[in-house]
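Chemist: only the shape, not the letters, is given here:
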Ligand SMILES: N[C@@H](CCC(=O)N[C@@H](CS)C(=O)NCC(=O)O)C(=O)O
């Protein structure tokens, strides 16, 4: 029988990877449908912004990662990934918001010069640098309880943060020669712990091979041999 849930997207997307990891962590049966983001009417009918991931459910289609995670938590069995305690649950959302707006969305504006055959203007590079300083300090102020961001149990905040930090780390090491993970007390050890999870291994193996092909497709393969990538390789050895 076909699984009830079908996840549309592909492995180069950190957002797709967050949802995929959540489904794996919850032991949900699902099917992957490999598609790119698109502005074609038939795709927009399912994903109003034309973005991936999109989850196809028995009730209909759902896009936007945070909404998808909520749907998964509310409809699927498996380990609870939203804390029951309202304060902790809100804290998880707070962390997700900060990472989404002040880390992920910021580094995304640098993708043209890092993952595509484009250039980043000095103004953009500087504006993102300033925002990342604020975000990094903010995360430092959380003093997360560890080993996970909300304490003893893995939560959606960890999955969201892990895939956003992975991509952010590549971009900041490349563009600024700096590591957000190393700057924030506890974050590097947390990231290493997350990297060891079975879900992370599966998802990141597919990401790594998809990224190689993506860089070639976008004529940014030169970046692979670029000295600046060494910052990433060395810091994460
Ligand atoms: N806010 C969306 C962001 C998803 C997103 O930006 N996905 C990227 C791939 S990582 C995408 O579809 N980009 C294509 C586009 O922006 O047109 C979410 O939470 O799911």
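Modeler: Received it, and whenever you're ready, just let me know what you need. Remember, it's a predicted structure, so these values are computed and weren't measured experimentally.

Chemist: could you use CA atoms for every contact and neighbour count after this?
Modeler: Will do.

Chemist: what residues sit buried inside stretch 90-110?
Modeler: Within stretch 90-110, the residues scored as buried using 16 or more other CA atoms under 10 Å are 91-93, 95-99, 102-104, 106-107, 110.

Chemist: so which of those residues is the closest to residue 166?
Modeler: residue 104 (10.0 Å; CA to CA).

Chemist: so where do the strands sit in this structure?
Modeler: 5-9, 30-34, 54-57, 60-63 (DSSP state E).

Chemist: contact partners of the first one?
Modeler: This means strand 5-9. For strand 5-9, the external contacting residues (CA atoms under 8 Å, 6 or more residues apart in numbering) are 16, 20, 29-37, 52-58.

Chemist: and if we set it to 10 Å?
Modeler: 15-17, 19-20, 23, 28-37, 51-58, 61-63, 72 (CA atoms under 10 Å, 6 or more residues apart in numbering).

Chemist: quick check: residue 103 touching residue 166?
Modeler: No. The criterion here is CA atoms under 10 Å, and residue 103 misses it with residue 166 at 11.1 Å.

Chemist: so can I have TSV of the buried residues of stretch 90-110 showing distance to residue 228 and pLDDT?
Modeler: Putting the buried residues of stretch 90-110 into TSV (distance: CA to CA, whole Å; pLDDT from 0 to 100) gives the following:
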residue	distance to residue 228	pLDDT
91	35	96
92	33	96
93	33	97
95	29	95
96	28	97
97	29	97
98	27	96
99	24	96
102	23	97
103	20	97
104	20	98
106	19	98
107	16	97
110	14	96
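
Chemist: enumerate the residues of this structure near the ligand.
Modeler: Contact residues (CA under 6 Å from any ligand atom) of the chain with the ligand: 13, 14, 15, 37, 50, 51, 52, 53, 64, 65, 66.

Chemist: try 5 Å
Modeler: Counting by CA under 5 Å from any ligand atom, the chain comes close to the ligand at 13, 37, 51, 52, 64, 65.

Chemist: OK, contacts around the fifth one?
Modeler: Applying CA under 10 Å, 6+ apart, one finds that residue 64 lies in contact with 15, 16, 19, 47, 48, 49, 51, 52, 53, 54, 55.
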